[in-house]
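J.: A predicted structure for the sequence below; I have some questions about it.
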Amino acid sequence: MNTANKLTIFRMILVPVFMIFLFSDINNAQYIAAAIFILASITDALDGHIARSRNQITNFGKFMDPLADKILVSSALISMIELGKIPAWVVVVIIAREFAITGLRVIAASEGITIAANKLGKIKTITQLIAIIALLFNNYPFRLINLPFDQIMIYVAVFFTIISGIDYIYKNKEVLHSGDR
């Protein structure tokens, strides 16, 4: 097993640890959860970089890396609903987009087409991670100046989630029609 795949597995292991701290009664546990989430997010960027730079791209990594990312982000977002920090519709929109684009990628793969991540998809991911981190830190330090940065960022993330989803579907619409007769 190569380093990139080990980092992906490590990220998967961090998800339940993140959840345990997020819902723990221990003092400052939410900040520990935030640190774990940040660490897991860093492993996402790091494993992809390592796999590409060392030419260690594997089928395991192609499958598990995006799955680990979706599980990490989805678990954090769903938790934010339970903690009363974001409305459920926000999470439904984000997760629905992930299902739709994953489905599109599966159809494309069955046709021998690879749909790589694009700039809007990367912006979507970054805005989601920033929003989640701001929510985990209870909007600190922005709350000191009464700036609802966490709420602004969650809506920015929703915007880029929708726009990037539309962009992926539009640019790959031929995949959806490739089996039509």
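T.: Here it is on my side, so go on. Numbering: from 1, shown residues only.
J.: Now stretch 38-55: average pLDDT?
T.: For stretch 38-55, mean pLDDT is 90.
J.: residues of that stretch that come out buried?
T.: For stretch 38-55, a neighbour-count test (16 or more other C-beta atoms under 10 Å) marks Ile38, Ala40, Ser41, Thr43, Asp44, Leu46, Asp47, Gly48, Ile50, Ala51 as buried. For glycine as for every other residue, the C-beta is placed from the backbone atoms N, C-alpha and C.
J.: Same check on stretch 93-112?
T.: Val93, Ile94, Ile95, Arg97, Glu98, Ile101, Leu104, Arg105, Ile107, Ala108.
J.: Ok, stretch 3-13 next?
T.: Buried, per 16+ other C-beta under 10 Å, within stretch 3-13: Ala4, Asn5, Leu7, Thr8, Arg11, Met12.
J.: TSV for those residues, including secondary structure, pLDDT and distance to Ile163?
T.: Shown next, in TSV, are the buried residues of stretch 3-13 (DSSP: H, G, I helix; E, B strand; the rest coil; pLDDT from 0 to 100; distance: C-beta to C-beta, whole Å):
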residue	secondary structure	pLDDT	distance to Ile163
Ala4	helix	89	29
Asn5	helix	90	31
Leu7	helix	93	29
Thr8	helix	92	27
Arg11	helix	95	26
Met12	helix	95	29
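J.: Which pair of these spans the longest distance?
T.: Farthest pair in the buried residues of stretch 3-13 (C-beta to C-beta) is Ala4 and Met12. Separation: 13.3 Å.
J.: Ramachandran coordinates for Asn28?
T.: phi 60, psi 20 (degrees, to the nearest 10).
J.: mind showing which ranges of this protein have poor pLDDT?
T.: 179-181 (pLDDT under 70).
J.: can you give me the helices for it?
T.: 3-22, 29-53, 59-82, 88-110, 119-136, 149-171, 173-177 (DSSP state H).
J.: Tell me which of those helices approaches Phe142 most closely.
T.: helix 149-171 (3.8 Å).
J.: Since that was my last question, I'll sign off now.
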